[in-house]
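Colleague: Next comes the sequence, and after it the predicted model I'd like to discuss.
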Amino acid sequence: MSKSRNLYAATAVGLVLTFTAAANFADRNIAPMPANPRLLTALPIPDPAPLGGLVSAAHADEGGGTRFGLGREALPEEVAAWDVDVTPDGTGLPEGSGDVMTGEEVFVEKCAVCHGDFAEGVGNWPKLAGGDGTLDNADPVKTVGSYWPYLSTVWDYVHRSMPFGNAQSLTADEVYAITAYILYSNFLVEDDFVLSRENFTEIEMPNRDGFFVDDRPQTEYAQWRTEPCMENCKDSVEITMRATVLDVTPDDPSGDAPLTETEAAVATPVVETAPDEAEAKAQSASAEEGPADAPDPELIAAGEAVFRQCSACHQVGEGAKNRMGPQLNAIVGREIGGVEDFRYSSAMADMDGTWDHDTLTQFLTDPRGTVPGTKMAFAGVRDQEDVKALIAYLESLE
């Protein structure tokens, strides 16, 4: 016990001596804080002023006070590097050009992963084509063709911000080509179109006159700045839109919206039955369905989903018309290049034969490899199961 007491006493004496020495040192060697210290912002301008473009330490502003400044004026080269915007009259466009076919190749390589091979959009990534005549709908499709007022906006945005994650990596010619392909995807130019600085301003976007000056500061801001309502703000609440429209919530089988055939198959519970009962049901179903080679409804439904890639250029069903590509009703077994009133490429027009399963499989997998010189701007369906389903769907159309 006495040893511990002696140890603690020695430690306490040591701490007292250390603090005493520190206080004496500070008192003798550290200058006291002045009563009226000079502030950094009030320092006079050095004479002579610092070289190298540096702003002097304290400038007199117009109000007679002082401000602290750092840095230098930007060099002309630095300003030019940031000055990349393009205006509707073509100001800011660099020299260069690009055609539709080159644009399709660059688009498939660098843009299609998000925007689809035909600029139709992938998942929730933006659609760049389509939407014509939908701006007055409750759920308008705003694309380059249906909504954007100036072509300069397209060129400027692609040049400045695309591809996603690798912005400003495209050359001027690539941007011209991609812009030409987007125009082509919106049926605004032909497949042999070449976009350049010289003809840029000749392109007039469909919705050019659909914009007006924003007058919300005068007409609406006063409504937004009123006292907010926190309770009993309406007599009744009406649901006007389901979240499924926004593609963020799965369909609810118990809701009012009818289920598709595929959704109904997924939503129907599987009930296990005895072997004899299951066999009897299978035989009965087989008798009702007809021969074993009857079309598979699930395969046709899957093919209809794949056909969405084709719908940008081809129509099917009642009233189908030729668009960028021919209508595809009864395509299976039809003569190649046999649709009347459609201008085929010379490569397609010179082909013989019919669109049987084998020919369609080869063409849908690799259009340009199967028919060199075809106008079909599509890289091909990569998954063979999707090809099989697509052909089944096309075969179901009369």
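Modeller: The structure has been received and is ready for your questions.

Colleague: rest of the way, CA atoms for contacts and neighbours
Modeller: Fine.

Colleague: The residue lying closest to residue 100 once chain neighbours are set aside and residue 111, how far apart?
Modeller: Of all residues not flanking residue 100 in the chain, residue 181 sits nearest, at 4.6 Å (CA to CA, 6 or more residues apart in numbering). Applying CA to CA, to the nearest Å, the value for residue 181 to residue 111 is 11 Å.

Colleague: Mind checking which of the two has more residues around it?
Modeller: Shown here are residue 181 and residue 111; by other CA atoms under 10 Å, residue 181 has more neighbours (32 against 19).

Colleague: coming back round to it: separation between the residue nearest to residue 100 and residue 165?
Modeller: The gap separating residue 181 from residue 165 is 21 Å, by CA to CA.

Colleague: Same question for residue 69.
Modeller: Residue 69 sits 35 Å away from residue 165, going by CA to CA.

Colleague: Pick out whichever of the two has more residues nearby.
Modeller: residue 69 (13 against 8).

Colleague: Please name the residues that touch the residue nearest to residue 100.
Modeller: Neighbouring residues of residue 181 by CA atoms under 8 Å, 6 or more residues apart in numbering: 99, 100, 101, 103, 104, 107.

Colleague: With pLDDT and distance to residue 91 added, can I get the residues you listed in JSON lines?
Modeller: Converted to JSON lines, the contacts of residue 181 look like this (pLDDT from 0 to 100; distance: CA to CA, whole Å):
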{"residue": "99", "pLDDT": "96", "distance to residue 91": "21"}
{"residue": "100", "pLDDT": "95", "distance to residue 91": "23"}
{"residue": "101", "pLDDT": "94", "distance to residue 91": "26"}
{"residue": "103", "pLDDT": "96", "distance to residue 91": "22"}
{"residue": "104", "pLDDT": "94", "distance to residue 91": "26"}
{"residue": "107", "pLDDT": "94", "distance to residue 91": "25"}
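
Colleague: with these in mind, which one is nearest to residue 127?
Modeller: residue 107 (13.5 Å; CA to CA).

Colleague: pLDDT value on the nearest residue to residue 144 once chain neighbours are set aside, please?
Modeller: Nearest residue to residue 144 in three dimensions, chain neighbours excluded: residue 128, at 5.3 Å (CA to CA, 6+ apart). Turning to residue 128, the model gives it a pLDDT of 95.

Colleague: Distance check, residue 128 against residue 397.
Modeller: 28 Å.

Colleague: ok, these two, which is more surrounded?
Modeller: Counted by other CA under 10 Å, residue 128 and residue 397 do not tie: residue 128 has more neighbours, with 24 against 14.

Colleague: List the contacts of the more buried one.
Modeller: So residue 128 contacts 115, 119, 120, 121, 143, 144, 145, 182 (CA under 8 Å, 6+ apart).

Colleague: before we move on, what about residue 173?
Modeller: 96, 97, 98.

Colleague: wouldn't the second one be in contact with residue 178 here?
Modeller: Same thing as residue 97. No - counting by CA atoms under 8 Å, residue 97 sits too far from residue 178 to count as a contact (10.3 Å).

Colleague: what stretches of this protein score poorly on pLDDT?
Modeller: Low-confidence segments of the chain, defined by pLDDT under 70: 1-10, 12-13, 22-68, 243-294, 312, 324, 377.

Colleague: got the domain boundaries for it?
Modeller: According to automatic domain parsing, the chain comprises the domains 40-74, 82-202, 291-395.

Colleague: Give me whichever of these is most buried.
Modeller: domain 82-202 (a mean of 18; mean count of other CA atoms under 10 Å).

Colleague: Would you map the strands across this structure?
Modeller: According to DSSP state E, the chain carries its strands in the segments 58-60, 66-68, 97-99, 194-196.

Colleague: can you give me the helices for the stretch 51-200 of the chain?
Modeller: Using DSSP state H, counting those that start in this stretch, the helices found in the stretch 51-200 of the chain span residues 76-82, 100-110, 112-115, 151-161, 172-185.
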